[in-house]
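Sequence first, predicted coordinates after that:
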Amino acid sequence: MRVVVVGSGGREHALAHTFRRQGHEVVVTPGNAGIEGSTTAGPEDLVGAADLFVIGPEAPLVDGLADRLRAAGALVFGPGADGARLEGSKAWMKELLAEAGVPTARHATFRAGEEAAALAYLATMAPPFVIKTDGLAAGKGVVVTDDRAEAEQAVADYLSGAAFGAAGTTCVIEEGLTGPELSVFAICDGTRAVLCGSAQDHKRVGDGDTGPNTGGMGTYSPVPTLPPGLEDDILRTAIQPTVDALAARGIDYRGFLFCGLMLTPAGPKVLEYNVRFGDPEAEVVLPRIESDLAAVLAQAAGGHLDTGVVLTDRAAVCVVLASEHYPASPRTGDPIAGLDDAHRLDDVVVFAAGVAPGPDGTLLTAGGRVLAVVGLGDTVPAARATAYDAVGRITWPGMHHRTDIAAAVGAP
Ligand code: AMP
Ligand code: GLY
């Protein structure tokens, strides 16, 4: 098959790498300097030349790219703008979950002018307080705090537009949950969902879960501490009911569904849905896939998924290498050294996220999260050792990374 991957980060590199490993031809638009097959041609220009489109990031999905490509006759894996509202509007997502009977945190939605009611609702909550802006905010729209005054200030800033402007004045206040987090992935064909792996992310920038939140500093998969059958339970009690509720609203959801959960003492509860694969979760789940992923996604895109996805028992650990001052104000333009050395290791793959072309085929940093370094191994600790061996060979001025990705997983 000739597959076009839309996007420019580590997730899209991992998608392209998987399709290519399985014998498909791949073009990535726009891709980046570290992804083979990147092209400056836009998705709409490639319609005639592709058997399948796979759209990586949420922004083009929310913006209706899948609808436009389908209207032009393409086979597309990725929801239309209607389904992408699951990620584009937290208020709408929570409403749908309630309708579907999916376990989630108690919540209420407030709009501009409703500050008094919002503060009254907040007063009924116990810490941790959780306030989310309704729309897409590039991972910056969620405040989780034990400090009531800070929570009240966040509510005021969201509703007045001080935080996200006039477009971001709707917010959701929800019950604070506790427990380990888990990301579970599914592939949907409009009526049916099948599991496609799970992973644990590390969102804070610093070791020991300290410092500000980021898009993700590292991941591992599988998650050996999960009770047997938990993923199937989540498919049955959360993911499939969500697809059913979408279908009941006339939404033909064909794409990845990323279910973000908290494993609370009262059972798993859905924190959020994303309408795409996670990044850097894709970097650890996709290298574990043994099924022909492009064939499965083509089935789902055509509305007739009739196979599951098989993953190897081997483990993958991803360590994100970030540029100086990420996440606040990442510095760019630093030359990356040691990539070839890392590539020479067995069981290592390095996915390029925020990179630009440098002199003589070298790469320069061009974003906050620059590289996703993945190690594979028979166990999570073995994969972790391999990943950090590769990390130790790569450097640039100001590069930083966490040293404790997957450290909590002991030897089996
Ligand atoms: P979200 O974008 O909704 O996934 O939120 C980002 C992060 O905020 C999550 O990964 C959690 O760490 C945290 N978070 C979100 N909702 C809650 C909640 N109800 N209780 C506790 N933490 C939460
Ligand atoms: N790593 C979290 C996300 O992709 O949203």
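That came through fine. Ligands and ions are numbered 1, 2, ... in the order given.

Tell me the pLDDT of Ala138.
In the predicted model, Ala138 carries a pLDDT score of 68.

can you check Leu311 too?
Predicted confidence (pLDDT) at Leu311: the value is 97.

ok, now how distant is it from ligand 2?
Applying Cβ to the nearest ligand atom, to the nearest Å, the value for Leu311 to ligand 2 is 19 Å. For glycine as for every other residue, the C-beta is placed from the backbone atoms N, C-alpha and C.

Give the bridge partners for that residue, please.
Following DSSP bridges, Leu311 is listed with bridge partners Ile289.

Minimum distance to ligand 2, which residue of the stretch 251-400 of the chain gives it?
For the stretch 251-400 of the chain and ligand 2, the shortest gap (Cβ to the nearest ligand atom) falls at Gly278, measuring 3.6 Å.

Do you have the strands of the stretch 51-200 of the chain handy? List them.
According to DSSP state E, counting those that start in this stretch, the stretch 51-200 of the chain carries its strands in the segments 52-55, 76-77, 107-110, 129-133, 142-145, 171-174, 181-189, 193-201.

so which of those strands is the most packed in?
Between those, the one whose residues have the most neighbours on average, counting mean count of other Cβ atoms under 10 Å, is strand 76-77 (a mean of 28).

average model confidence for it?
Rounded to a whole number, the mean pLDDT of strand 76-77 is 98.

Wondering if stretch 176-195 reaches ligand 2 at all.
No - with Cβ under 6 Å from any ligand atom as the measure, stretch 176-195 is seen stopping short of ligand 2, the closest distance being 7.0 Å.

Tell me how far that stretch lies from the chain's centre.
Centroid displacement of stretch 176-195 relative to its chain, using Cα atoms, centre = their mean, to the nearest Å, is 11 Å.

Next: stretch 233-251.
19 Å.

Val205 and ligand 2, how far apart?
The gap separating Val205 from ligand 2 is 13 Å, by Cβ to the nearest ligand atom.

Might you list the low-confidence residue ranges for the stretch 51-200 of the chain?
Filtered on pLDDT under 70, the stretch 51-200 of the chain yields the residue ranges 138-140, 167.

end to end, how far does stretch 271-280 reach?
With Cα to Cα, to the nearest Å as the measure, stretch 271-280 spans 18 Å from end to end.

where exactly do the helices run in the protein?
Taking DSSP state H as the test, the helices found in the chain are 10-21, 58-62, 65-71, 81-88, 90-100, 115-123, 148-160, 230-234, 240-248, 282-285, 293-301, 339-343, 380-391.

can you put these in TSV and add distance to Val310?
What follows is the helices of the chain, written out as TSV (distance: least, Cβ to Cβ, whole Å):
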stretch	distance to Val310
helix 10-21	13
helix 58-62	26
helix 65-71	26
helix 81-88	26
helix 90-100	28
helix 115-123	46
helix 148-160	43
helix 230-234	14
helix 240-248	20
helix 282-285	12
helix 293-301	10
helix 339-343	27
helix 380-391	19
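
quick revisit: any chance of the strands of the stretch 51-200 of the chain in a markdown table, plus distance to Thr18?
Formatted as a markdown table, the strands of the stretch 51-200 of the chain follow (distance: least, Cβ to Cβ, whole Å):
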| stretch | distance to Thr18 |
| --- | --- |
| strand 52-55 | 10 |
| strand 76-77 | 13 |
| strand 107-110 | 36 |
| strand 129-133 | 32 |
| strand 142-145 | 30 |
| strand 171-174 | 34 |
| strand 181-189 | 13 |
| strand 193-201 | 11 |
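
Quick one, grab the pLDDT at the residue nearest the centre of the chain.
With the centre of the chain defined as its mean C-alpha position, the nearest residue by Cα atoms, centre = their mean is Gly278, 1.8 Å away. Gly278 is assigned a predicted lDDT (pLDDT) of 96.

Many thanks, I have nothing further to ask.
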